[in-house]
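> no FASTA, just this:
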């Protein structure tokens with residue numbers, strides 16, 4: 001099981017968009033996928049068409065350990081795709097995580113119970129330096145950093161890289177950055193705007209050793225797809241799925257490399 005978290009310390013950077021399409025496309029390819037909504041705004045839960053019932057457990061109860069991890073997992077409308085949902089009540093878990101002594105490891109611990117059931121876990125992470133964010137990062141084998149192709153996105157990238165480096169220093173993040181994803185790359189016809197071009201160039205400059213992945217173009221098709229619970233290819237916009245196809249290829253390459261290393265050892 002590989003765990004991938006989308007992390008950006010600012011809102012509107014494309015985290016939920018990335019998680020939604022990545023999870024659905026992996027599931028469509030036959031992989032068993034668990035999506036985890038680690039944000040009290042619960043946008044991923046909404047996009048995956050799950051309505052949280054008042055008497056049913058969510059990520060809050062899973063993290064606190066009042067239910068088993070499996071009891072917090074629900075099927076979605078997509079074959080092979082399952083969800084641990086969130087709602088605004090998830091914010092209440094902060095006190096529990098901060099007082100547990102091992103808050104950064106709680107989600108990783110909870111996922112051990114289902115590691116044989118899924119090929120991939122995709123985590124949509126709250127865009128703040130919160131205890132919820134810390135435990136999501138602590139569970140991640142890989143981090144994707146979506147960043148808007150604007151000045152705000154570049155600043156978010158820098159803040160996120162600093163945050164991950166700080167967590168790595170105290171062994172709270174033991175994964176790796178899979179890549180940086182420029183979001184809302186703006187084009188007019190066949191010409192990329194100067195703002196997008198300059199900001200993506202800045203991302204490459206500040207990326208350190210992390211690859212800058214193919215950009216997510218600005219398009220109303222993304223909103224249309226998430227509102228309707230569909231993939232872009234179902235709307236006749238398969239070309240817009242290219243960034244997610246490349247992420248999946250990268251994940252598969254990393255998986256095969258890890259398997260080769262284990263065999264060699």
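Okay, I see it. Keep in mind the model is a prediction, meaning the values are calculated, not measured.
> might you calculate how far the strand ranked longest in the chain sits from the centre of the chain?
Ranked by residue count, the top strand of the chain under DSSP state E comes out as strand 176-185. Distance of strand 176-185 from the chain centroid (Cα atoms, centre = their mean, to the nearest Å) equals 11 Å.
> torsion angles phi and psi at residue 59?
When read as degrees, to the nearest 10, the backbone of residue 59 gives phi -60, psi -30.
> just for the stretch 1-150 of the chain, where's the confidence low?
Low-confidence segments of the stretch 1-150 of the chain (pLDDT under 70): 101.
> can you report how many residues lie near residue 235?
By other Cβ atoms under 10 Å, the residues close to residue 235 number 15. (C-beta placed from N, C-alpha, C; glycine too.)
> what separation is there between it and residue 218?
To residue 218, residue 235 is 16 Å away according to Cβ to Cβ, to the nearest Å.
> residue 142 bridge partners, please.
Judged by DSSP bridges, the bridge partners of residue 142 are residue 4, residue 176.
> please enumerate the helices of this protein.
For the chain, helices defined by DSSP state H occupy the ranges 15-28, 43-47, 59-64, 93-100, 106-111, 131-139, 151-169, 194-206, 220-228, 242-264.
> out of those, which comes closest to residue 121?
helix 106-111 (6.4 Å; Cβ to Cβ).
> now do stretch 52-68: distance to the chain's middle.
With Cα atoms, centre = their mean, you get 20 Å for stretch 52-68.
> and the contacts of it?
With Cβ atoms under 8 Å, 6 or more residues apart in numbering as the test, stretch 52-68 has contacts from 36-38, 42, 45, 69, 71-72, 84-87, 89-90, 92-93, 96-97, 106-107, 110, 113, 135.
> just the buried residues out of those residues, in ChimeraX syntax.
One line in ChimeraX is enough to select the buried members of the contacts of stretch 52-68, burial here meaning 16 or more other Cβ atoms under 10 Å:
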select :36,37,38,42,45,69,72,84,85,86,87,90,93,96,97,106,107,110,135
